[in-house]
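**Q** Kindly generate the corresponding structure for this input.
(one chain, ligands or ions: 1)
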Amino acid sequence: MHVSLIKPQGFCSGVTKAVSIAKQAKKEHPNENVYILGMLAHNQTLIDDLTKEGLITLSDENEIKALEKLQKGDVVIFTAHGHSEKVEQKAKDLGLIIYDATCFKVKSNLEKIKEEINAGHQVIYIGQKGHKETNAALSVSNNVSLYDTKLLINYYLITDKNPYVINQTTLNFQELNKLHEDILSHIPGARIENEICAATRLRQEAVGKIERDTDLIIIVGHQKSSNSNRLFEIASNLFHNATVIMVNDLDELKKHDIEAKKKAAVVSGASTPQYVVDEIYKYLLSK
Ligand code: SF4
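**A** Residues are numbered from 1 along each chain as shown. I've put the predicted structure just below:
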């Protein structure tokens with residue numbers, strides 16, 4: 001089988017930093033319990049690897065309740081996707097030692113939202129309902145309205161003629177452009193920022209450049225990973241004659257029948273460890 005590795009590969013800079021902060025936390029606190037409040041980044045292999053290094057990943061379905069189970073002096077790491085101020089305050093009140101692994105890009109977006117709110121503007125946040133990054137953005141103020149990518153926004157809630165429009169970092173950039181047009185058609189004075197991060201945009205552009213006679217496209221990423229899911233959607237929309245699959249690791253890939261395929265492209269999500277992609281690459285080359 002002919003196999004191409006589609007670049008960029010492996011962790012984005014935000015995930016690289018988050019992993020390094022998590023490892024540093026454990027190094028500095030070898031005798032304490034070191035917890036991560038949810039998946040550090042959305043990849044199960046990464047979480048399993050961190051577990052082997054002694055880090056404990058908590059369920060983040062109810063972050064406040066998860067924190068309440070910890071003891072004063074425990075260490076808690078906030079994940080790459082951001083967290084609400086309420087969660088941070090709770091961790092402080094409980095006397096936990098905090099490490100913040102929030103990606104710089106997510107942080108910078110949260111700062112922009114705060115500035116706009118403080119200046120008296122309404123904010124329209126385009127994102128996925130329930131995603132941690134979205135929750136963090138919405139937690140800034142009741143004046144932040146969600147425009148879910150799958151649902152519509154309640155425009156009657158926006159009374160500001162010049163609302164600020166910002167988005168989750170890992171959306172599909174083509175879909176985002178359409179949502180921007182929709183907003184401008186309702187609110188011509190809306191001030192629009194495109195805040196898809198470079199790691200997401202470059203991966204999406206790279207999928208668009210995959211050779212058209214490719215008959216197998218493998219997105220290596222976890223089903224909870226927003227950027228991996230967007231890569232899967234884009235590849236599925238562009239390559240109707242190819243088999244497009246998303247797998248977390250080599251074991252998952254082995255469940256698929258790919259024997260008859262001749263030309264494969266391997267795409268990496270931004271939170272996928274490089275060695276997982278390399279294992280898949282070698283396996284495909286042996287076919
Ligand atoms: S995908 Fe983008 S926003 Fe998410 S961690 Fe990576 S650089 Fe940060």
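**Q** Up against the ligand, what does the chain have?
**A** 12-15, 80, 103, 105-106, 169-170, 197, 199-200, 227, 270 (C-beta under 6 Å from any ligand atom). No exception for glycine: its C-beta is placed from N, CA and C like everyone else's.
**Q** Return a ChimeraX selection command for the buried portion of those.
**A** Taking 16 or more other C-beta atoms under 10 Å as the burial criterion, the selection of buried members of the residues of the chain next to the ligand in ChimeraX is written as:
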select :12,14,15,80,103,105,106,169,170,197,199,200,227,270
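**Q** Residue 159 and residue 122 touch, don't they?
**A** Yes: with contact defined as C-beta atoms under 8 Å, residue 159 and residue 122 form a contacting pair (7.0 Å).
**Q** So for those two, which residue has more residues nearby?
**A** Applying other C-beta atoms under 10 Å to residue 159 and residue 122 shows that residue 122 carries more neighbours, namely 22 against 7.
**Q** From residue 165, how far off is that one?
**A** With the distance defined as C-beta to C-beta, to the nearest Å, residue 122 ends up 10 Å from residue 165.
**Q** secondary structure class for residue 244?
**A** The three-state label given to residue 244 by DSSP: H, G, I helix; E, B strand; the rest coil is strand.
**Q** Can you get me a residue count around it?
**A** Close neighbours of residue 244, defined as other C-beta under 10 Å, add up to 22.
**Q** Please list all residues in contact with it.
**A** Neighbour list for residue 244: 217, 219, 232, 235-236 [criterion: C-beta atoms under 8 Å, 6 or more residues apart in numbering].
**Q** please redo it, this time with the cut-off set to 6 Å
**A** Residue 244 makes contact with 217, 235-236 under the criterion C-beta atoms under 6 Å, 6 or more residues apart in numbering.
**Q** Return the distance of it relative to residue 213.
**A** Distance, residue 244 to residue 213, by C-beta to C-beta: 14 Å.
**Q** Kindly report the same for residue 280.
**A** The span separating residue 280 from residue 213 equals 20 Å under the rule C-beta to C-beta.
**Q** So the residue in the chain positioned nearest to the ligand: helix, strand or coil?
**A** Scanning the chain for the residue nearest the ligand gives residue 14, at 2.6 Å (criterion: C-beta to the nearest ligand atom). In the three-state summary, residue 14 is assigned as helix, counting by three-state DSSP.
**Q** thinking it is in contact with residue 79, fair?
**A** No: taking C-beta atoms under 6 Å as the contact criterion, residue 14 and residue 79 are not neighbours in contact, 10.5 Å apart.
**Q** Could I get the full set of strands for this protein?
**A** Ranges of strands in the chain, per DSSP state E, are 2-6, 34-37, 56-58, 75-78, 97-100, 123-127, 144-148, 164-167, 191-192, 216-220, 243-247, 263-268.
**Q** pLDDT averaged over the second one - what is it?
**A** The reference is to strand 34-37. Strand 34-37 shows a mean pLDDT of 98 in the predicted model.
**Q** So what are the sheet partners of it and their directions?
**A** Using DSSP bridges, the neighbouring strands of strand 34-37 in the sheet come out as strand 56-58 (parallel), strand 75-78 (parallel).
**Q** Ok, the last one next?
**A** Looking at strand 263-268 with DSSP bridges, its partner strands are strand 2-6 (parallel), strand 216-220 (parallel).
**Q** Deepest-packed of those strands, please.
**A** Comparing the strands paired with strand 263-268 by mean neighbour count (mean count of other C-beta atoms under 10 Å), strand 216-220 ranks first with a mean of 27.
**Q** hey, C-alpha coordinates of stretch 160-179 in CSV?
**A** Included here for stretch 160-179 are C-alpha records, laid out as CSV according to Å, rounded to 0.1, in the frame of the first residue of the first chain:
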residue,chain,number,x,y,z
ASP,A,160,-26.2,45.3,20.9
LYS,A,161,-25.8,46.6,17.4
ASN,A,162,-22.1,45.9,17.4
PRO,A,163,-21.8,42.6,19.3
TYR,A,164,-18.4,40.9,19.4
VAL,A,165,-18.3,37.5,17.7
ILE,A,166,-15.7,35.0,18.6
ASN,A,167,-15.5,31.2,18.4
GLN,A,168,-14.2,27.9,19.8
THR,A,169,-10.7,27.3,18.5
THR,A,170,-11.2,23.9,16.9
LEU,A,171,-14.2,24.5,14.6
ASN,A,172,-14.5,23.7,10.9
PHE,A,173,-13.2,26.9,9.2
GLN,A,174,-15.5,26.6,6.2
GLU,A,175,-18.5,26.1,8.3
LEU,A,176,-17.4,29.0,10.5
ASN,A,177,-17.4,31.4,7.4
LYS,A,178,-21.0,30.4,6.7
LEU,A,179,-22.0,31.2,10.3
